[in-house]
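1. sequence and predicted structure below; questions after.
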Amino acid sequence: MKSKTLFVLFLLFAVVGFINAQDCIDCHRKVTPKIVSDWELSKHKENQIGCDNCHGTSHSKMDDFSKAETPTPETCKVCHETQVTQYQKGKHSIAWAAMKAMPSAHMQPMAMMEGQKGCGGCHKIGDKGKDEIQKLKSQGSVFGHASCDACHTRHTFSKKEAQQPQACQTCHMGFDHPQWEMYSGSKHGVRYLLKQNGTLPENTAAPTCQTCHMSEGNHEVRTAWGFLAVRLPMPEDKQWTNDRVKILQALGVLDPKGNPTKLVDVVKAADVARLTQESWQTERDKMIKVCSNCHSENFAKGELAKGDDMIRNADRLMAEAISIVEGLYKDKILKKPASYAYDFPQLLTFHDAPTVIEQKLFVMFLEHRMRTFQGTFHANPDYAMWYGWSEMQRDLSEIKELAEDMRYKAKKK
């Protein structure tokens, strides 16, 4: 009831604000004309949502532009409560916190992170909260806090734009998660792109990213395996259990005895893994339901099971590689960085890992293991094989050779 009252009041103020917005439009048509022309194409203009509804009324002159308010998800929530509430429950909302939780985040140039020219450029979709926004503003990072505009770009805020697979392309591509490349090269993506250019009829069955990951417009955007493709409980397969333990230790989540570390809370907060059977099964059932719109349920379950099996196989290679580097630490052939709590290589140090063999291990995990299982789930055989599995095999061969060379040189000293 409270939200409905606020919405009515908002609309009343919007009508008045729309009249006042003409002052903004007259000025900005000269200063930033494309912002105005985009707004004029928007549903906001149709519904008399003026500039001050999002930016406040403090900025009214040319020289007080710094007083214009920066919209946040809470700004959008006044009208779009369902979508923002879903977003705040999902993984996109914690993208900023997940970036900050990475061990190497503080070692990167500010422009890459808070300046949004690297990791922050995509992770800005995360909800930052008032305190973090004030901190960023004090550092000069005034823009990029609205989150919703990562997909519904300013100032058209088009729903149709956000429903296209290209809306996901900017962030879901490249080194560690090339979902755009996988999707657009898969039969799913090819059919949709042919549908976009008119080769296939409009009513052709052709899924987008949103079809599978935002079913019925749900803005939570979750997957069964999570970003890291590790989950609890452990499998019945003893070898896979041992391999997964080794990966979790290299992620800093388990100690040498297999007990949870403090980083478990970070993993929970970042929502990058499924920590119960129920949470995993909920997302798997959602995906089977989506797949069953075009395929038989039996086919869908079988294809998803192949993805699970590729994770199992990739984990076998990954665990072997981790064990090799771990052995170098234990035998004092490779110096363990002082910041590492245990004799395990840290997979999330990224390119800041101090030696070539440790960097090779990071690439094996974050680039090639990702492509192995993601390529399988995205129905792109080339990515699953040549950009994923084959590369992992070669990574392991290089790590073995590097380790042998290091041991040989250590003996000769």
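-> That came through, no problem.
2. what's the closest residue to Gly252 other than its chain neighbours in contact with, if anything?
-> Residue nearest to Gly252 in three dimensions, not counting chain neighbours: Leu263, with 4.6 Å by CB to CB, 6 or more residues apart in numbering. Where you see a C-beta, it was placed from the backbone N, CA and C, and this is true even at glycine. Residues counted as contacts of Leu263 (CB atoms under 8 Å, 6 or more residues apart in numbering) are 251-253.
3. ok, Gly189 touching Lys195?
-> No. Gly189 is beyond contact range of Lys195, at 10.4 Å (criterion: CB atoms under 8 Å).
4. for these two, indicate the residue with more neighbours.
-> Set Gly189 next to Lys195 and count neighbours by other CB atoms under 10 Å: Gly189 wins out with 23 against 17.
5. nearest spatial neighbour of the more buried one, chain-adjacent residues omitted?
-> For Gly189, the spatially nearest residue (CB to CB, 6+ apart) is Tyr183, at 4.3 Å.
6. is that neighbour within a helix or a strand, and which one?
-> Counting by DSSP states H and E, the element that carries Tyr183 is helix 179-185.
7. what are the buried residues along the helix or strand following that helix?
-> Downstream of helix 179-185, the first helix or strand assigned by DSSP H and E is helix 187-196. Across helix 187-196, burial judged by 16 or more other CB atoms under 10 Å covers 188-189, 191-193, 195.
8. pull the distance from helix 187-196 to the chain's centre.
-> On the basis of CA atoms, centre = their mean, to the nearest Å, helix 187-196 sits 23 Å off its chain's mean C-alpha point.
9. pLDDT of that helix, averaged?
-> For helix 187-196, the mean pLDDT works out to 98.
10. identify the residues contacting it?
-> Helix 187-196 is contacted from outside by 164-165, 183-184, 200-202, 204-208, 378-379, using CB under 8 Å, 6+ apart.
11. how about a cut-off of 6 Å?
-> With contact meaning CB atoms under 6 Å, 6 or more residues apart in numbering, helix 187-196 is reached by 183, 200, 204, 206-208.
12. can you pick the most crowded of those residues?
-> Of these, with other CB under 10 Å as the count, Tyr183 tops at 27 neighbours.
13. any idea how far His177 is from that one?
-> Separation of Tyr183 from His177 (CB to CB, to the nearest Å) stands at 11 Å.
14. and Pro207, by the same measure?
-> From Pro207 across to His177, the span is 18 Å (CB to CB).
15. swap in Ala224?
-> Taken as CB to CB, the span from Ala224 to His177 is 16 Å.
16. neighbour count for those two, which is higher?
-> Ala224 (21 against 18).
17. wait, isn't the more buried one in contact with Glu283?
-> Yes. Taking CB atoms under 6 Å as the definition, Ala224 is a contact partner of Glu283 at 3.9 Å.
18. distance to Arg244 added to the buried residues of helix 187-196, as CSV?
-> Converted to CSV, the buried residues of helix 187-196 look like this (distance: CB to CB, whole Å):
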residue, distance to Arg244
His188, 29
Gly189, 31
Arg191, 35
Tyr192, 35
Leu193, 37
Lys195, 40
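19. quick check: Leu396 is in a helix.
-> Yes. Checked against DSSP: H, G, I helix; E, B strand; the rest coil, Leu396 lies within a helix.
20. now do the contacts for it.
-> Neighbour list for Leu396: 317, 321 [criterion: CB under 6 Å, 6+ apart].
21. where does this structure dip in pLDDT?
-> Low-confidence segments of the chain (pLDDT under 70): 1-20.
22. what about Lys411, distance to Ser323?
-> Distance from Lys411 to Ser323, by CB to CB: 20 Å.
23. and stretch 82-102, end to end?
-> One end of stretch 82-102 sits 30 Å from the other (CA to CA, to the nearest Å).
24. which residues does that stretch contact?
-> 73, 76-77, 105, 119, 123, 125-128, 218-222, 266, 270-271, 348.
25. among those, name the ones in helices.
-> Counted as lying in helices by DSSP state H, out of the contacts of stretch 82-102, are 73, 76-77, 119, 123, 266, 270.
26. how far off centre is stretch 168-180?
-> Stretch 168-180 sits 9 Å away from the centroid of its parent chain (CA atoms, centre = their mean).
27. can you pull the buried residues of it?
-> Neighbour counts over stretch 168-180 (16+ other CB under 10 Å) mark 168, 171-173, 177-180 as buried.
28. before we move on, what about stretch 118-138?
-> Those would be 119-128, 132-133, 136, for stretch 118-138 by 16+ other CB under 10 Å.
29. between these, which sits nearest Lys43?
-> Ile125 (20.9 Å; CB to CB).
30. find the nearest non-adjacent residue to that closest one, please.
-> Once flanking residues are discounted, Ile125 sits nearest to Ala150: 4.1 Å by CB to CB, 6+ apart.
31. can you tell me the SS state at Arg312?
-> Applying three-state DSSP: Arg312 is helix.
32. any idea how far the closest residue to it other than its chain neighbours is from Ile311?
-> What sits nearest to Arg312 in space, not counting adjacent residues and going by CB to CB, 6+ apart, is Trp240, at 5.1 Å. Distance, Trp240 to Ile311, by CB to CB: 9 Å.
33. what does Glu81 give?
-> Glu81 sits 37 Å away from Ile311, going by CB to CB.
34. Asp26 too?
-> Asp26 is 58 Å from Ile311, by CB to CB.
35. who's more crowded, these two?
-> The neighbour comparison of Asp26 against Ile311 (other CB under 10 Å) goes to Ile311, with 23 against 10.
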